[in-house]
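**Student:** Here is a sequence with its predicted model. Questions after.
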Amino acid sequence: MSSAARRRREIVRYLRFVGVRSASVLAALVLGMLLVVIIANLGGKIDQIIEADIRFSVGMVFQDPTMRKQIEERCKQECLAKGIEEEEALRNCIEECKTSWVETQVEILKRARGLDKPFAIRVFYYLGDALTLNLGRAIYMHSDTGSSRVWDIIIERLPNTILLFTTANLIIFFAELFLGLMLSRKYGTILDKLAVSLAPLSSMPGWFYGLFMIIIFAFWLKILPSGGMISPETPPDPLLRALDIMRHMILPLLSWLIAYVPIGVYYYRTFFLMFSTEEYVEYARARGIPPRIIERRYILRPTLPPIITTLVLTLIGSWMGAIITESIFRWPGLGSVLAEAIARNDSPVIVGIIAVYAYLLAISVIALDFIYGIVDPRVRVGGE
Amino acid sequence: MSRRTLILLRRALHYKSFILGIAILLFFIGLSIYAEVTWPFEEAIVLWNNPEAWLEYPKFAKPEWITVFTGKRELRGSLILDSRVANLTECVVEIYENKSLTMCKDLYKEREILAVGNQRILSVITEITFNYEYDEFPSSGKYEVYVNTTEKVYVDLILVKPNGLEIRLEGGFYTAGTILKTLEVKPGELSRIQLNYAEVVKKTYGVDVDVSKIEPVKLLFIDDKLFIEKGIYKPLNGTYKLVVSIYSTDINATAEIRVLIHGTIYGIAGTDRLGRDLFMAIAWGAPIAIAFGLTASVLSTLLTMVLAAISAWYGGVLDNAMARINEIFMIIPFLPTIIMLRLFYGLDLWGMLWIIILFSVWGSGLKTMRAMFLQIREMPYIEAARAYGASSARIIIRYMVPRVIPVLIPNIVIAIPSFVFLEAALAILGVSDPRLITWGKVLEDAYENAALTQGHYHWILGPAIALFFMAIAFALIGFTLDRIFNPRLREL
């Protein structure tokens, strides 16, 4: 077989693998979302959300003066036709006619959105809404631009979350990997023992260390801000703003480092130690290959797939833990939106966030498979 | 297997970290027993959720032991001056025609009927003396005057400071009943006490003072000389006297007074914004945290094991279906979904526990365990069992499960804190159980009420340190067990 043909077959295999995995994950996404929609609507919550959304859009018609005049005029004609001429009664009649107009409109739209259908069918309408991220309107909350659409509220905060927690996870990942590799070289030294004894620190989550960080650095030493993303007095100069945001990122990053690096270092150290006692590594050593090359080619290369899995899994996990860390540090991200939605009992926002998170998780899982397929040839061969 | 486990457990006692973990855990168990004995469960919940029960406690009081480090003398709890419950055994009572005198150690009461023109007027003068020998101001105070009459009364309430300065707290006509006043003042408003203080100082020392920035309760106890001359705020130590004069046309009226001066320290853990004893919350948080964490961890790990064993043993369609379900649960966001369920269906803590277990069963843990079972399945002894005709159930329960127990036990212990913190996290988001007392709820209450910006660090540090030690205890035990049960790790 020529190398070009083999290469082509490799690519076809990879694409088939990725295709199968993506389809599987997307199916899981649809089913998961369906499950959420069913559970959420058992108490009729989504029905309420949709109805509120419809009422809002019907009410918007009256915001438009020409439309309002038109409707009022039509109502007036109707009332006059009924023979009502006295002013008071006429006004009442027009009001009544307007309300009934709104109700008919709402009914029509409800029918259009499937609200009159039985529960089992209605759920699929909602599933469609959730999958197309048609998330309706918030009851109380607004985005900074003033929109009450759930999608706008969420999308506005998403970049902030990604900024903080992608940075955090990348720093944590490389710190763990580097320190773990370093300690595996220094197995048995005091430094190694110290690192091992620090591992229990990771039994506490990042947000918890955040409390202590805030007390120490913001309130006791008063050198760093206690929360938020940017100080209001910062001038609009982009460089200064960037520096200020970085200053606000220090404490959340620090608390995540303390919480998640120790266990990672312990894990990688043990992991590398196990691999470095493998026979083929011993053989390489016996052949006199320099330790740096042994590390790179004989230890890091075969351990790459599980390492990448861990990276992507932590990235996935960070969406979750971020929620509380954000409320502790008042970081204006997705977690803060959720906290606010809970405080104000804004159910459309809560359901919307679940849909967005589910998408993010699905994308992360698919991305994991993409990378996995590249770094680990075995998965491509097996098809699964 | 149980013998082997016991031997391994005995070996664990050689590890200092294990003993330390067990010691901390035993402390928390002791604390739980103490909590249950002191405040039985239902009583504790009612007491904790009833702000009325804590009115006599100082708000935001720091823990008592803090004075060991600061070296300051501070008022512990509240100073309660009650004209009704004064120690009457040490009293001398003298009764005259129109007058009765009650003289006690720190209470002096004079009841007299005066004749003004042709009208008879009752005058009751009560004097309560107390010592204030502290370096810190009281945190706040309130007073109640109870007059038992149907007619109008004139109430005059004066505090005589050790230096003789007289400050009027109250003066005016009241209709009968209870007059309840607090010494706190809304920001931007001036209370009668502040105005009167300025007036008295002007009269005595001939200086104008700005009283708008000092709380009334501080003015009552301030060292006037230091304040006027140097602008220093320090409490004046010595014997204070509270004089309550009541005049009424109803000569049968009775008048009593009760004054509460709230201190700045209380108990082992201090108090919160309602004056609730935080030690009670910390003590009661322990059994709830242990019960919640242990149940969630044990049940979810065991269920994961069962699912993994079935999936690995039967394989095929079942295994595939399980993998797909696992994928679904990996995509449904855990925390927001629990929050949604809690908000839409009003679950309590135990209801949430089941949901949390349901979610925790799935995920990467199931994948790892399935891989482990797949390895075990191919082992010769399983083949031997199959050869002698053992049933699937027997092979899974008797031969496969025992093999993963050594991995399982450390995992269960290590996972406990994560569930305790999950409850705390839910509490911080405001979706915990509305009635129970948990550490997370105290944290949330403190955080919501800006405990940090107000400087009430003990309010956050108390439950936080409790959480910290509980997590460390389980982590130390879990890591040691991991080393013992998995010898491959022990060598490294």
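**Tutor:** The structure has been received and is ready for your questions.

**Student:** ok, B:E327 to chain A distance?
**Tutor:** Separation of B:E327 from chain A (C-beta to the nearest C-beta, to the nearest Å): 4 Å. Where you see a C-beta, it was placed from the backbone N, CA and C, and this is true even at glycine.

**Student:** Which helix or strand contains that residue?
**Tutor:** helix B:316-331 (DSSP states H and E).

**Student:** can you give me the helices in the stretch 51-200 of chain A?
**Tutor:** Assigned by DSSP state H, counting those that start in this stretch, the stretch 51-200 of chain A shows helices spanning A:65-81, A:87-112, A:119-131, A:150-185, A:190-198.

**Student:** looking at those, which is buried most?
**Tutor:** The highest average neighbour count among the helices of the stretch 51-200 of chain A, using mean count of other C-beta atoms under 10 Å in any protein chain shown, belongs to helix A:150-185 at a mean of 19.

**Student:** Any part of it near chain B?
**Tutor:** No: counting by C-beta under 8 Å from any C-beta of the partner chain, chain B has no neighbours in helix A:150-185; the shortest distance is 9.1 Å.

**Student:** list the helices and strands that helix packs on?
**Tutor:** Secondary-structure packing of helix A:150-185 (3 or more C-beta pairs under 8 Å, 6 or more residues apart in numbering or on different chains; DSSP states H and E): helix A:190-198, helix A:238-276, helix A:301-329, helix A:334-343, helix A:347-375.

**Student:** that older thread, just the C-alpha atoms of the helix holding B:E327, please, in PDB.
**Tutor:** Once non-C-alpha atoms are left out, helix B:316-331 reads as follows in PDB (Å, rounded to 0.1, in the frame of the first residue of the first chain):
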ATOM      1  CA  GLY B 316     -23.500  -5.700  24.300                       C
ATOM      2  CA  VAL B 317     -26.700  -3.700  24.100                       C
ATOM      3  CA  LEU B 318     -26.900  -3.000  27.800                       C
ATOM      4  CA  ASP B 319     -23.300  -1.700  27.900                       C
ATOM      5  CA  ASN B 320     -24.000   0.500  24.900                       C
ATOM      6  CA  ALA B 321     -27.300   1.800  26.300                       C
ATOM      7  CA  MET B 322     -25.400   2.600  29.600                       C
ATOM      8  CA  ALA B 323     -22.700   4.500  27.600                       C
ATOM      9  CA  ARG B 324     -25.400   6.600  25.900                       C
ATOM     10  CA  ILE B 325     -27.200   7.400  29.100                       C
ATOM     11  CA  ASN B 326     -23.900   8.300  30.600                       C
ATOM     12  CA  GLU B 327     -23.300  10.700  27.700                       C
ATOM     13  CA  ILE B 328     -26.700  12.300  28.300                       C
ATOM     14  CA  PHE B 329     -25.900  12.900  32.000                       C
ATOM     15  CA  MET B 330     -22.500  14.300  31.000                       C
ATOM     16  CA  ILE B 331     -24.300  16.900  28.900                       C
END
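
**Student:** can you redo the helices of the stretch 51-200 of chain A as a markdown table with mean pLDDT?
**Tutor:** Supplementary listing: the helices of the stretch 51-200 of chain A in a markdown table, determined by pLDDT from 0 to 100:
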| stretch | mean pLDDT |
| --- | --- |
| helix A:65-81 | 82 |
| helix A:87-112 | 83 |
| helix A:119-131 | 83 |
| helix A:150-185 | 88 |
| helix A:190-198 | 87 |
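
**Student:** With distance to A:P252 added, can I get the ones you listed in JSON lines?
**Tutor:** Compiled in JSON lines, these are given as follows (distance: least, C-beta to C-beta, whole Å):
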{"stretch": "helix A:65-81", "distance to A:P252": "48"}
{"stretch": "helix A:87-112", "distance to A:P252": "44"}
{"stretch": "helix A:119-131", "distance to A:P252": "30"}
{"stretch": "helix A:150-185", "distance to A:P252": "6"}
{"stretch": "helix A:190-198", "distance to A:P252": "20"}
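
**Student:** How is the chain divided into domains?
**Tutor:** Let's take chain A. As assigned by automatic domain parsing, chain A contains the domains A:14-131, A:157-380.

**Student:** Actually, chain B is the one I wanted.
**Tutor:** Taking automatic domain parsing as the reference, chain B has its domains at B:3-47+B:277-490, B:64-262.

**Student:** With adjacent residues omitted, what lies nearest to the residue nearest the centre of chain B?
**Tutor:** Compute the mean C-alpha point of chain B, and by C-alpha atoms, centre = their mean the closest residue is B:L278, 2.7 Å away. In space, and not counting its chain neighbours, B:L278 is closest to B:A269: 3.8 Å by C-beta to C-beta, 6 or more residues apart in numbering or on different chains.

**Student:** Now do the same for B:T5: its pLDDT.
**Tutor:** Note on B:T5: pLDDT of 72.

**Student:** which SSE is it in?
**Tutor:** Applying DSSP H and E as the criterion places B:T5 in helix B:2-12.

**Student:** just B:A255 next, same as before
**Tutor:** Element membership for B:A255 (DSSP H and E) is strand B:254-262.

**Student:** Just after that strand, pick out the following helix or strand.
**Tutor:** Heading C-terminal from strand B:254-262, the first helix or strand you meet, by DSSP H and E, is helix B:278-314.

**Student:** model confidence over that following helix, on average?
**Tutor:** What helix B:278-314 shows for mean pLDDT is 93.

**Student:** which helices and strands does that helix pack with?
**Tutor:** Using 3+ C-beta pairs under 8 Å, 6+ apart as the contact definition, the elements that helix B:278-314 packs against are helix B:16-38, helix B:41-48, helix B:316-331, helix B:349-360, helix B:364-377, helix B:401-428, helix B:439-448, helix B:457-485.
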